[in-house]
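In: fold the following for me, if possible:
(chains A and B)
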Amino acid sequence: MTELVDEQLLKDLAILAQLPFEPEQVSSTLSAINEVLELVARLEDAETASVLPLAHPLERQQILREDAVTENIDRNQLSQNAPSFEDGLYFVPKVIE
Amino acid sequence: MTHPFSTLTQLQTQLRERSISATELTQFYLDRIAQLNPMLNCYITVDNERALDQARAADQQLAQGSAAPLTGIPISQKDIFCIEDQITTAGSKMLANFRPPYTATSASQLEQAGAITLGKTNMDEFAMGSSNETSYYGPAKNPWDLLRIPGGSSGGSAAAVAAGLCAASTGTDTGGSIRQPAAMCGLTGLKPTYGRISRWGMIAFASSLDQAGPMTHTAEDAALMLEHMAGYDPKDATSLDEPVPEYSQNLNQPMAGLRIGVCRQFFSEGLEGAVEQSIREALKTFEHLGATLIDIDLPHTPLSVSAYYVIAPAECSANLSRFDGIRFGHRCDDPTDLQDLYQRSRGEGFGNEVKKRILVGTFALSAGYYDAFYRKAQQVRRLIKNDFVEAFDHVDLIVGPTAPTPAFQLGEKLDNPVDMYLQDIFTISANLAGLPAMSIPAGQVRGLPVGLQLIGNYLQEGTLLRAGHQFQQATDWHQLAPEIE
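Out: All right, here's what the predicted structure looks like:
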C-alpha cells in the first residue's frame, strides 16, 4: 500500500500539532503513523454513500446553560500550576519586538 | 481480621457493626500499599495523611449513626480524575506537578457518599494504551503474574483492586479501558452509557467516547459504586438528565425470560480457543439461570477498530492542544520564542504513543483528508450503532469475550502496536455506539483470568448488573484471588 504520509506531510502535521519535527525520528514516526492509517483504510470496505455521520452516540443536543458566573476559582491557586507567573501575569518569551 | 479482598458490602457490614474502624481499615490498606506497591507500581500517588483524616471523620460519623452508604470504605481513583490540590498526572510527564484547583464531579460524589480516597492509580498516558506500558511512571504489573500487563488504560486501578490494595477503584473507558483491565485482573468493570457519569474534572482523551465507571470485585459492588458516581451534572454538557435507579436493590430480579444475544462476530479469528471455551461455558450458566440464547449478527463490528483509530485520535488532537506549557503543565527550559516553547514543551511532555495519536488525529482532520477519514469514520460509527439498535429489538443483552486473550507479557506487543490495538476489538464498538458494557470474571486460562463482556441497551446498566450478579451467585470466578504477599 502507498504510504499516505511522507516526510513533507509529517513536517506540516508537526507544525499544525505544535510538536517538534525530530529528523532522527522521521523514519520510525512515519512507519508508526502509516501503520495506523493502513488499519484505518479498512473503512473503505463500508458502503456509506447515504449514511449520515454520527457525532454524539445518543444523538442528543448539547445542553446550553445560562452564561453566568456560578463559582470562582482563586487566581493564586490557578497560578501555582503555571511554570512562570509573576504579578498576576503568565510569562512567555517576547512575542513582539 | 480484615481480608484484603473483601467486597464493599462486606466492609459496609463490618464498619457498621464496629468490628473494624475506618481508621484501622484505612491503615490496613496503606500498610499493604507500602508493602506491595513497590512491586506492583499500581499507585502513582498515595496520600496517607488525607486518607487518615477522612477515616477519622468517617469514624465520627459511624459513631454518631450519620454514616452515608460508603462511609469508611477506602477506594482509589484513576489518576485521570482531578482531586483538588492532589497531584493528578494522567500518567504523563506533562502533568507531573499538576495540582488541580477543583475535584471531578464523580470523585466528589464518591467522597460525599463517604468513600475514603487512598490515592491515585497508574494508567497509560492520557488513557492511550491497552497495557499500562505507555505510563511515564512505568507500567503497573498484573498481580496474577508480575511479568504480565494488568491491561489498560485503567491498569493501575485493576491491579490495585485485584491485589487488595483498595476495596474498589474507578476507571475511564474510551475503547475498553475499564473492561479489558478488569478482564485481565479478574474483576468486574463497568462502562456505563455515554453521559451516565459526569466527565467534569476527568482529563479528556476523546470526549465523545470517554466514560467513567467502577472497577470492583463483584457486580453488587459495581452497582453500589455506580449509584454514587452517576447522575446529571450541569457542568458536563453531555451529561444525561435521567434519574439514577437504585441498581443495588434490583440485582435479584429473576433472569427467566431474559434474551441474551450471542454475536457471531465476537467469536472471530484472533480469539484464543481456551478463552472461547470459557465463554461458551459461561453461556451455559446463563441458560441454567433461565436466560434464552439467541444468535445475532453485528456485521459492522469488524470495522470498529478502524473507525476508532480515526475518531479517538481526532478528538485527542483537539483535546490535548490545551497543553501549551503556559498556564499549567510541563514547560521546556530556555525557550527561544513562543513557537519553540510550544513545540519543545509538548515534545518533552508527551510520550511517543500520545504524539503519534496527535499526529494521526491532526492528519484525519486536515483539509483534503477530512472527508475520506473523519467523516467516513463517523458514518461507519452510525452503521455500528444501527447494528446494535436493530439487535436490541430482539435481545436484552449481548454477550461475548472481553478480550481475545488473557493478559500478555510486558513488552510483548510494544513492537507491534496494531496487534495491541486489536486487543480492544470486542470492546470498542460499545464506545462508538455509547452503550453500557461490563466485564465479569468467567474463567481462567493458564492460571490467568478471563473476562466475559455483557453489552446492554441504552441506560440499561441495571440489566447488566443483574445478569452479572446472578452469574456471580452461580460461579466463583470472581472470588479467586492472586497469591501475592
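
In: next, count neighbours for residue B:108.
Out: By the measure other CB atoms under 10 Å in any protein chain shown, the count of residues near residue B:108 is 19. Where C-beta positions appear, they are placed from N, C-alpha and C, glycine not excepted.

In: next one: residue B:481
Out: Neighbours around residue B:481, by other CB under 10 Å: 16.

In: does it touch residue B:5 like I think?
Out: Yes. With contact defined as CB atoms under 8 Å, residue B:481 reaches residue B:5; the gap is 4.7 Å.

In: mutual contacts of these two, please.
Out: residue B:164 (CB atoms under 8 Å, 6 or more residues apart in numbering or on different chains).

In: who in the stretch 51-200 of chain B is up against chain A?
Out: Contact residues (CB under 8 Å from any CB of the partner chain) of the stretch 51-200 of chain B with chain A: B:85, B:97, B:98, B:99, B:101, B:102, B:193, B:194, B:195.

In: mind doing that once more with 7 Å?
Out: B:98, B:99, B:101, B:102, B:194, B:195 (CB under 7 Å from any CB of the partner chain).

In: confirm the fourth one sits in a helix?
Out: No. For residue B:102, which was evaluated using DSSP: H, G, I helix; E, B strand; the rest coil, the result is coil, with no helix membership.

In: what's near enough to touch it?
Out: Contacts for residue B:102 (CB atoms under 7 Å, 6 or more residues apart in numbering or on different chains) come out as A:73, B:82, B:84, B:201.

In: count of residues packed around the residue lying closest to the last one once chain neighbours are set aside?
Out: It refers to residue B:201. Distance criterion CB to CB, 6 or more residues apart in numbering or on different chains; nearest residue to residue B:201, sequence neighbours excluded, is residue B:104 at 2.7 Å. Residue B:104 sits with 27 neighbouring residues when counted by other CB under 10 Å.

In: from residue B:236, how far off is residue B:104?
Out: In this view, residue B:104 and residue B:236 are 10 Å apart by CB to CB, to the nearest Å.

In: least confident of the contacts of residue B:102?
Out: Ranked by pLDDT, the contacts of residue B:102 bottom out at residue A:73 (85).

In: all strands of the stretch 351-485 of chain B, in order?
Out: Along the stretch 351-485 of chain B, counting by DSSP state E, counting those that start in this stretch, strands occupy B:397-401, B:437-445, B:448-456.

In: who's in contact with residue 71?
Out: Since you didn't name a chain, this refers to chain A. Contacts of residue A:71 by CB under 7 Å, 6+ apart: none found.

In: that answer is for a different chain, and I need it for chain B
Out: B:15, B:58, B:61, B:62, B:114.

In: longest helix anywhere in chain A?
Out: helix A:26-40 (DSSP state H).

In: what about residue B:425, distance to chain A?
Out: 11 Å (CB to the nearest CB, to the nearest Å).

In: and the residue nearest to that residue when sequence neighbours are not counted, what's its pLDDT?
Out: For residue B:425, ignoring the flanking residues on the chain, the nearest one in space by CB to CB, 6+ apart is residue B:305 at 5.5 Å. We have a pLDDT of 96 for residue B:305.

In: which of the three states applies to residue B:305?
Out: With three-state DSSP as the criterion, residue B:305 reads helix.

In: in the chain, which spans are strands?
Out: No chain in the question, so chain A it is. A:85-86, A:89-90 (DSSP state E).

In: um, chain B though
Out: Using DSSP E, strands in chain B cover B:43-46, B:74-78, B:116-121, B:169-173, B:188-191, B:211-216, B:259-263, B:292-296, B:397-401, B:437-445, B:448-456.

In: comparing those strands, which comes out most buried?
Out: Among the strands of chain B, ranked by average contacts under mean count of other CB atoms under 10 Å in any protein chain shown, first place goes to strand B:188-191 (a mean of 34).

In: would you put the C-alpha positions of that strand in PDB?
Out: Extracted as PDB, the C-alpha positions of strand B:188-191 are listed here (Å, rounded to 0.1, in the frame of the first residue of the first chain):
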ATOM      1  CA  THR B 188     -15.900  -6.600  37.500                       C
ATOM      2  CA  GLY B 189     -15.600  -3.400  35.400                       C
ATOM      3  CA  LEU B 190     -18.500  -1.400  34.200                       C
ATOM      4  CA  LYS B 191     -18.500   1.300  31.400                       C
END
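
In: list the helices and strands it packs on?
Out: Counting contacts by 3 or more CB pairs under 7 Å, 6 or more residues apart in numbering or on different chains; DSSP states H and E, strand B:188-191 packs against helix B:179-185, strand B:211-216, helix B:219-229, strand B:437-445, helix B:461-474.

In: what is the neighbour count of residue A:87?
Out: Neighbour tally, residue A:87, other CB under 10 Å: 5.

In: quick one, what contacts the residue lying closest to residue A:6 once chain neighbours are set aside?
Out: Sequence neighbours aside, residue A:30 is the residue nearest to residue A:6 in space, at 7.2 Å (criterion: CB to CB, 6+ apart). Residue A:30 sits next to A:3, A:5, A:7, A:10 when contact means CB under 7 Å, 6+ apart.

In: what does residue B:307 give?
Out: Counting by CB under 7 Å, 6+ apart, residue B:307 has contacts A:43, B:377, B:380, B:381, B:384, B:432.

In: closest to residue B:188 among these?
Out: Using CB to CB, residue B:432 comes nearest to residue B:188 of the contacts of residue B:307, at 22.7 Å.

In: contacts for stretch B:464-482?
Out: Contacts of stretch B:464-482 (CB under 7 Å, 6+ apart): B:5, B:143-144, B:162-163, B:186, B:188, B:190, B:217-220, B:222-223, B:247, B:250-251, B:253, B:255, B:258, B:285-286, B:289, B:397, B:436, B:438, B:440-443, B:454, B:456.

In: so residue B:41 is in contact with residue B:141, correct?
Out: Yes. Shown here, residue B:41 and residue B:141 form a contact pair, counting by CB atoms under 7 Å, at 6.2 Å.

In: who has more neighbours out of those two?
Out: Comparing residue B:41 with residue B:141 by other CB under 10 Å, the one with more neighbours is residue B:141, at 25 against 22.

In: quick one: that one and residue B:38 touch, right?
Out: No. Using CB under 7 Å, residue B:141 is not in contact with residue B:38, being 10.6 Å away.

In: and residue B:205, how far is that from chain A?
Out: 15 Å.

In: how many neighbours does that residue have?
Out: Residue B:205: 27 neighbours (other CB under 10 Å).

In: so what's it up against?
Out: B:126, B:127, B:128, B:174, B:316, B:319.

In: residue nearest the centroid of chain B?
Out: Nearest to the geometric centre of chain B sits residue B:178, at 2.2 Å (CA atoms, centre = their mean).

In: related to what we said a few turns ago, can you list residues touching both of residue B:104 and residue B:236?
Out: residue B:200.

In: could you list the buried residues of stretch B:27-45?
Out: Neighbour counts over stretch B:27-45 (16 or more other CB atoms under 10 Å in any protein chain shown) mark B:27-30, B:32-33, B:36-37, B:40-45 as buried.
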